[in-house]
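[1] When you get a sec, could you give me coordinates for this:
(one chain, ligands or ions: 1)
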Amino acid sequence: MSEQYVLETRNLVKEFKGFVAVDDVNLKVQKGHIHALIGPNGAGKTTVFNLLTKFLIPTRGQILFKDQDITTMKSAAIARQGIVRSFQISAVFPHMTALENIRVALQTFEGTSFSFWKSGNSLHKLNQRCMELLDAVGLAEFANTTTVELAYGRKRALELATTLAMEPEILLLDEPTQGMGSEDVDRVVELVRKAAAGRTVLMVEHNLSVVSKLCDRITVLAQGAVLTEGDYASVSADPRVREVYMGSDGSGERGTTADSEQSEAAQ
Ligand SMILES: Nc1ncnc2c1ncn2[C@@H]1O[C@H](COP(=O)(O)OP(=O)(O)OP(=O)(O)O)[C@@H](O)[C@H]1O
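    Numbers count the residues shown, from 1 in each chain. Below you'll find the model as predicted:
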């Protein structure tokens, strides 16, 4: 694998009782890119994502991170390596404040005991880092707001901040704008752009306008296999892509929910 690719799949296959949900997928994510995985409902996007983040075990094939075979690595181990998933899994505790949520994320990431942070200087440093992360997602003024009181878009910003606390090298975003109104969508686009600075992002996203604004490269999946790949202009001009989208509901918007969220891998 060339140095330029940080994440790669080789002939990745996932079968569910003989049904091929992911069919021989070769994905290459270039370092520094925002890369989107798109495709109509049931194309296999979530399943690929769950394979990459170890929620599912591949039937065949390999997953490589910076040349290292991580196919059999557990999800906690890959997170420590720098592959971190955000969104769709609620990573925030509703009855804690925004700042407390970040603090928990940082403490979990550091793996340090609470008593360590209690010692004067380190507690100060910890709070400083919490405020930096809140500021990075535009939530500094909500530091002491209980999470349950935050508007939906802000909750997702907080989720992103808890993810950034883990200092990911690759950020995996699962439908970051799902269920949002246009104002929140614009805010998330800006957030993702900001969060992507200095790192690589792979995202599943149904909103093609978001994809067009953010992504350097797009992989289109259809019926579990890669249909085509390229930048937004080339992919959106491809008649095969139009055809698979027209063949679903025409909008590229989610219509059905797959039942693939359950983790197979030992946590
Ligand atoms: N746990 C499972 N058991 C059986 N079939 C599954 C499972 N998870 C997913 N599938 C099937 O695999 C196919 C791909 O599903 P997947 O959720 O990956 O598609 P998707 O592209 O993410 O779709 P959507 O856009 O609707 O979320 C679908 O036909 C789905 O029904």
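
[2] which regions of the stretch 151-267 of the chain lie under the pLDDT threshold?
    Within the stretch 151-267 of the chain, the ranges that satisfy pLDDT under 70 run 247-267.

[3] redo that, cut-off 50
    Segments of the stretch 151-267 of the chain classed as low confidence (criterion: pLDDT under 50) are 249-262, 266-267.

[4] in this structure, which helix has the most residues?
    When the chain is parsed with DSSP state H, its longest helix is helix 120-136.

[5] and that one, how far from the chain's centre?
    Averaged C-alpha coordinates place helix 120-136 at 24 Å from its chain's average position (CA atoms, centre = their mean, to the nearest Å).

[6] go on, stretch 31-43?
    Shown here is stretch 31-43, whose average C-alpha point lies 10 Å from the average C-alpha point of the whole chain (CA atoms, centre = their mean).

[7] Which of the helices or strands spans residue 235?
    Under the criterion DSSP states H and E, the helix or strand holding residue 235 is helix 232-237.

[8] helices or strands next to that helix in the packing?
    Packing partners of helix 232-237 (3 or more CB pairs under 8 Å, 6 or more residues apart in numbering; DSSP states H and E): helix 208-214, strand 217-222. Using the backbone N, CA and C atoms, a C-beta is placed for each residue, glycine as well.

[9] List the contacts of that helix.
    Judged by CB atoms under 8 Å, 6 or more residues apart in numbering, the contacts made with helix 232-237 from elsewhere in the structure are 38, 208, 211-212, 215, 218, 220, 228-229, 241.

[10] re earlier: list the buried ones in the longest helix of the chain?
    126-127, 130, 133-134, 136 (16 or more other CB atoms under 10 Å).

[11] in the stretch 151-267 of the chain, which spans are helices?
    Along the stretch 151-267 of the chain, the stretches classed as helices by DSSP state H, counting those that start in this stretch are 152-164, 182-195, 208-214, 232-237, 239-247.

[12] any idea which of those is most buried?
    Most buried of the helices of the stretch 151-267 of the chain by mean neighbour count (mean count of other CB atoms under 10 Å) is helix 152-164; its value is a mean of 22.

[13] Direction-wise, compare that helix with helix 182-195 and give the angle.
    With axes from the mean of the first three to the mean of the last three CA atoms, to 10 degrees defining the directions, helix 152-164 sits at 20 degrees from helix 182-195.
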